[in-house]
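K.L.:
compute the structure for the input listed below.
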Amino acid sequence: MDRIFRPEKFDIEPTAPQAAEHWQHWYETFNNFISVVSVDNLDTKKLLINYISPAVYQMILDKETFDEAIQTLNGIYIQPKNEMFARHRLATCKQEQGQSIDAYMQKLRILSKDCNFKAVTAEQHREEAIRDSFINGLVSNSIRKRLLKKTVLSLKDAFEEARLLEHAYQHSLQYESSQQETNCAATTPTNSSASPLPNVTIPQSASNSHTHEINALASKCYFCGRVKHPRSRCPAREATCNQCFKKGHFQRVCKSRSSTVSAIATVQPLNLNKSTIPICINNVQLKALVDTGSCESYISTRISKKHKWQTCSSGNRIFMASTHLSRINQGHIYANIRLKNERYEGVKLSLLDNLFLCSDVILGLDFISLHQNLFIPFDGQKPSLCLSTLQPARVEAPNLFSNLSPNCTPVDTKSRRYSIPDRKFIEKEIQQLIKDEIIEPS
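P.N.:
Predicted structure coming up:
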């Protein structure tokens with residue numbers, strides 16, 4: 001009889017899917033096996049060791065009795081069930097595509113086992129329903145996480161803890177706001193003749209209004225800056241920030257530091273006056289910087305708006321010296337340029353903010369490449385430096401029939417007859433050669 005009830009060796013990792021179900025089933029079969037074993041003074045712990053793997057044995061190596069070993073394994077394999085999350089899974093479970101009604105009902109019955117349903121009064125049932133809806137409808141995901149850490153939680157306890165967490169969050173914002181005000185204080189003038197700042201008294205009304213602003217900030221969305229709402233309905237969820245160019249928030253709430261100032265400071269050395277020239281664009285005198293590192297030519301958006309030039313829309317992203325600093329241009333114009341004694345009609349100039357330009361106009365490679373050479377005198381001590389790329393090689397095509405005598409004549413041969421499979425194969429190969437541009441049809 002004991003051979004019939006003998007269980008298989010238990011070898012399931014605690015992290016494996018459905019590890020709890022496997023352990024509960026195996027433990028039940030092991031109890032059945034013990035009940036039919038006819039041995040006097042049976043040592044159940046030794047019997048247990050014989051039917052578990054070495055990895056599982058390491059979990060109960062220091063346990064003295066069978067009950068201690070089983071209690072340890074129960075604690076490892078059977079995780080405590082969260083009643084509120086189990087009821088949420090049951091309430092939101094839907095029939096899958098292609099799933100039968102019987103299978104769907106069986107799935108619901110299995111999910112209901114972890115919900116800890118028991119006989120309660122109507123008032124208790126009402127409290128539990130309100131508690132589940134309260135946790136499910138919270139806007140703050142951090143508060144919901146704190147509440148779900150508890151396996152059993154009443155409506156009163158859930159409400160009190162959520163309210164305390166909300167107050168703590170608002171108080172934390174006030175701490176952060178006061179620190180920011182201290183850090184942003186005006187610096188003392190370095191001029192010794194400057195008069196000291198007078199004492200300023202903040203009126204009570206200003207203090208109250210500041211408190212209202214702090215409370216208003218606590219109810220705003222971190223990602224778009226509007227009134228707080230679920231993340232799934234946030235308009236900035238798929239947006240890209242124009243400052244850090246990361247996805248998920250608007251520029252006005254971006255907390256990353258802008259690198260514009262440092263980038264501008266690096267493009268304004270004194271020797272740029274060697275490559276800055278006067279230029280006339282649409283009969284307007286401006287300053288232009290000749291930039292061999294720029295692929296396109298640009299003009300300040302302010303100048304275009306000031307003279308009301310016709311603008312064409314475009315949204316190309318422009319990358320500066322490094323890839324992390326970029327900007328979307330604001331369109332482009334077609335202008336008539338007069339430079340030195342030359343005239344250029346319909347030159348494309350992209351529009352860019354003044355912050356990204358160190359001159360009114362930047363003449364890039366698209367304009368410079370219209371000329372054979374570009375000479376900029378720098379008055380240096382070294383000889384002139386000429387940078388040129390390799391010119392494309394010009395090699396005459398070889399004569400394919402140079403080894404033939406002038407008196408040779410072509411040989412006329414009759415076409416061979418091929419079988420149908422051979423003709424299909426030849427046709428397929430010819431079409432492939434034509435497609436690869438190795439041969440062309442005559």
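K.L.:
quick check: buried residues in the top strand by length along the chain?
P.N.:
Secondary structure of the chain per DSSP state E: the longest strand is strand 342-352. Of the residues in strand 342-352, 347, 349-352 count as buried by neighbour count, 16 or more other C-beta atoms under 10 Å. C-beta here means a position set from N, CA and C on the backbone, and glycine is covered the same way.
K.L.:
Provide the contact partners of whatever helix or strand residue 432 lives in at residue level.
P.N.:
Element membership for residue 432, per DSSP states H and E: helix 420-435. Defining contact as C-beta atoms under 8 Å, 6 or more residues apart in numbering, one finds that helix 420-435 is touched by 418, 439-441.
K.L.:
for those, which one is nearest residue 332?
P.N.:
residue 440 (41.1 Å; C-beta to C-beta).
K.L.:
ok, the closest residue to the closest one other than its chain neighbours - how many residues close by?
P.N.:
Computed as C-beta to C-beta, 6 or more residues apart in numbering, the closest residue to residue 440 that is not its neighbour in sequence is residue 434, at 6.6 Å. For residue 434, the count of nearby residues is 12 (other C-beta atoms under 10 Å).
K.L.:
how does the protein divide into domains?
P.N.:
2-77, 267-368 (automatic domain parsing).
K.L.:
from the chain's centre, how far out does the longest strand of the chain sit?
P.N.:
Here strand 342-352 is found 38 Å from its chain centre; the criterion is C-alpha atoms, centre = their mean, to the nearest Å.
K.L.:
within its sheet, name the partner strands of that strand and how each one runs.
P.N.:
strand 298-300 (parallel), strand 332-339 (antiparallel) (DSSP bridges).
K.L.:
check which residues of the helix or strand harbouring residue 69 are buried.
P.N.:
Assigned by DSSP H and E, residue 69 belongs to helix 66-77. Neighbour-count burial for helix 66-77, with 16+ other C-beta under 10 Å as criterion, is recorded at 66, 69-70, 73, 77.
K.L.:
closest one to residue 240 out of those residues, please.
P.N.:
Distances from residue 240 to these, taken by C-beta to C-beta, are shortest for residue 77, at 46.1 Å.
K.L.:
spatially nearest residue to the closest one, not counting backbone neighbours?
P.N.:
residue 23 (3.9 Å).
K.L.:
repeat for residue 441
P.N.:
residue 434 (6.4 Å).
K.L.:
picking up where we left off before, which members of the contacts of helix 420-435 are the farthest-apart pair?
P.N.:
Longest span within the contacts of helix 420-435, C-beta to C-beta: 418 and 440, 22.6 Å.
K.L.:
these two: which has the busier surroundings?
P.N.:
Counted by other C-beta under 10 Å, residue 418 and residue 440 do not tie: residue 418 has more neighbours, with 11 against 7.
K.L.:
quick check: residue 289 is in a strand.
P.N.:
Yes: Residue 289 forms part of a strand when assessed by DSSP: H, G, I helix; E, B strand; the rest coil.
K.L.:
that older thread, show me what whatever helix or strand comes next after the helix holding residue 69 is packed up against.
P.N.:
The first helix or strand that comes after helix 66-77 along the chain, using DSSP H and E, is helix 83-92. Here helix 83-92 touches helix 101-112, helix 122-136, helix 141-148, going by 3 or more C-beta pairs under 8 Å, 6 or more residues apart in numbering; DSSP states H and E.
K.L.:
tilt between helix 83-92 and helix 141-148?
P.N.:
Computed by axes from the mean of the first three to the mean of the last three C-alpha atoms, to 10 degrees, the angle separating helix 83-92 from helix 141-148 equals 110 degrees.
K.L.:
for helix 83-92, list the C-alpha coordinates in PDB.
P.N.:
Presented in PDB, the C-alpha positions along helix 83-92 are these (Å, rounded to 0.1, in the frame of the first residue of the first chain):
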ATOM      1  CA  GLU A  83      -6.600  40.400   1.200                       C
ATOM      2  CA  MET A  84      -7.100  43.800  -0.500                       C
ATOM      3  CA  PHE A  85      -5.000  43.000  -3.600                       C
ATOM      4  CA  ALA A  86      -6.600  39.600  -3.900                       C
ATOM      5  CA  ARG A  87     -10.100  41.200  -4.000                       C
ATOM      6  CA  HIS A  88      -8.800  43.700  -6.500                       C
ATOM      7  CA  ARG A  89      -7.600  40.900  -8.800                       C
ATOM      8  CA  LEU A  90     -11.000  39.200  -8.400                       C
ATOM      9  CA  ALA A  91     -12.900  42.400  -9.200                       C
ATOM     10  CA  THR A  92     -10.800  43.200 -12.300                       C
END
